[in-house]
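Engineer: sharing a sequence plus its predicted fold:
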Amino acid sequence: MKNYDAIIFDLDGVITKTALVHAASWKKMFDEYLKLREQRDSELFKEFTHENDYLPYVDGKPRYKGVQSFLESRNINIDFGDPKDSPDQETVCGLGNKKNFKFKKILEEKGAQVFEPAVAFVKDLKANGVHIGMASSSKNARLILQKTGLEDFFETCVDGVVSAELGLKGKPEGDIFTTACKNVGCTPDRAVVIEDAVSGVQAGKNGKFALVIGVAREGNDKDLKENGADVVINSFEGVTAQTVNQWMEK
């Protein structure tokens with residue numbers, strides 16, 4: 001590929017169908033908490049919805065940042081707490097940990113499914129000598145890769161655990177993508193980012209990548225395009241290493 005040397009993928013919603021599991025876990029956790037506030041504090045219950053809450057405030061962001069962003073949108077102020085907080089503690093970290101508990105429970109019970117055209121694309125990239133990296137806000141990214149048998153395809157995985165260890169800023173900052181790019185021996189001007197979240201395409205643009213591809217699984221083509229995606233697709237069906245090369249020439 002003469003126009004690029006590496007592609008850095010997001011995981012949930014791009015390669016695996018776990019974005020739906022994440023979204024369901026977030027809704028369950030937040031609805032329970034909002035109902036508690038209604039019963040305890042006489043606050044009007046307004047359910048957590050996918051379009052109005054998950055996509056704008058939570059999708060693609062590090063877990064605690066997602067909790068904080070949503071609570072701020074509802075003018076709810078609670079202590080940030082500590083990452084070691086119990087899922088029963090009423091803190092930002094406690095709520096985030098409760099969401100993660102629910103997510104891992106579903107993952108253990110039902111496993112993780114993949115988008116087969118995305119996997120075929122990854123295999124084609126590998127066959128063409130393109131470096132492949134993974135950058136995800138999720139602290140469960142490695143577990144998901146292991147459960148789907150995809151771990152060996154990726155030369156690096158900069159996930160939520162690595163971000164915490166290195167002090168990387170979460171999306172929409174480009175830190176996790178530029179770090180993954182560096183790990184595969186490439187520079188952003190010779191690399192591509194593939195993301196399904198608005199915060200993710202913003203991160204790709206902020207990281208100054210040569211091309212940012214948005215994957216509109218949610219019918220959010222317009223939002224992805226407006227926030228930094230150079231190309232927007234709905235599926236990886238028919239997409240190859242050469243296709244990306246051609247997009248970069250336009």
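Structural biologist: Thanks, I have the structure now.

Engineer: wait, is Val192 part of a strand?
Structural biologist: Yes: assessed with DSSP: H, G, I helix; E, B strand; the rest coil, Val192 lies in a strand.

Engineer: what pLDDT is listed against it?
Structural biologist: Per-residue pLDDT puts Val192 at 98.

Engineer: then Lys105?
Structural biologist: Lys105 carries a pLDDT score of 88 in this model.

Engineer: roughly how far apart are it and Val21?
Structural biologist: 10 Å (Cβ to Cβ, to the nearest Å). Using the backbone N, CA and C atoms, a C-beta is placed for each residue, glycine as well.

Engineer: look at these two and report which has more neighbours.
Structural biologist: Comparing Lys105 with Val21 by other Cβ atoms under 10 Å, the one with more neighbours is Val21, at 22 against 11.

Engineer: with adjacent residues omitted, what lies nearest to that one?
Structural biologist: Among residues not flanking Val21 along the chain, Ile106 sits closest, at 5.2 Å (Cβ to Cβ, 6 or more residues apart in numbering).

Engineer: measure the one you found to Gly96 for me?
Structural biologist: 16 Å.

Engineer: and if you look at Asn77?
Structural biologist: 16 Å.

Engineer: one more: Asp159?
Structural biologist: From Asp159 to Gly96 the distance is 15 Å (Cβ to Cβ).

Engineer: those helices in this protein, which residues are they?
Structural biologist: For the chain, the helices defined by DSSP state H occupy 18-41, 63-73, 92-110, 116-127, 141-148, 160-166, 175-183, 198-206, 221-226, 241-249.

Engineer: the longest one to helix 63-73, inter-axis angle?
Structural biologist: Spelled out, that is helix 18-41. Per axes from the mean of the first three to the mean of the last three Cα atoms, to 10 degrees, the angle that helix 18-41 makes with helix 63-73 is 50 degrees.

Engineer: with the third one instead?
Structural biologist: Going by the same axes, to 10 degrees, helix 92-110 is angled at 120 degrees with respect to helix 63-73.

Engineer: outside of helix 92-110, which residues touch it?
Structural biologist: The list of residues contacting helix 92-110 from outside it, by Cβ atoms under 8 Å, 6 or more residues apart in numbering, reads 18, 21-22, 24-26, 28-30, 33, 63-64, 66-68, 71, 78-88, 139-140, 143-144, 147.

Engineer: next: the second one.
Structural biologist: Contacts of helix 63-73 from elsewhere in the structure, counted by Cβ under 8 Å, 6+ apart, are 26, 30, 48, 53, 56-59, 61, 77-78, 80, 83, 92-93, 95-96, 99-100, 137-139, 160, 170.

Engineer: report the central residue of the chain.
Structural biologist: In the chain, the C-alpha nearest the mean C-alpha coordinate belongs to Gly60, at 3.8 Å (Cα atoms, centre = their mean).

Engineer: quick check: the gap between the residue nearest to that residue when sequence neighbours are not counted and Ser136.
Structural biologist: Of all residues not flanking Gly60 in the chain, Ala197 sits nearest, at 2.9 Å (Cβ to Cβ, 6+ apart). The gap separating Ala197 from Ser136 is 11 Å, by Cβ to Cβ.
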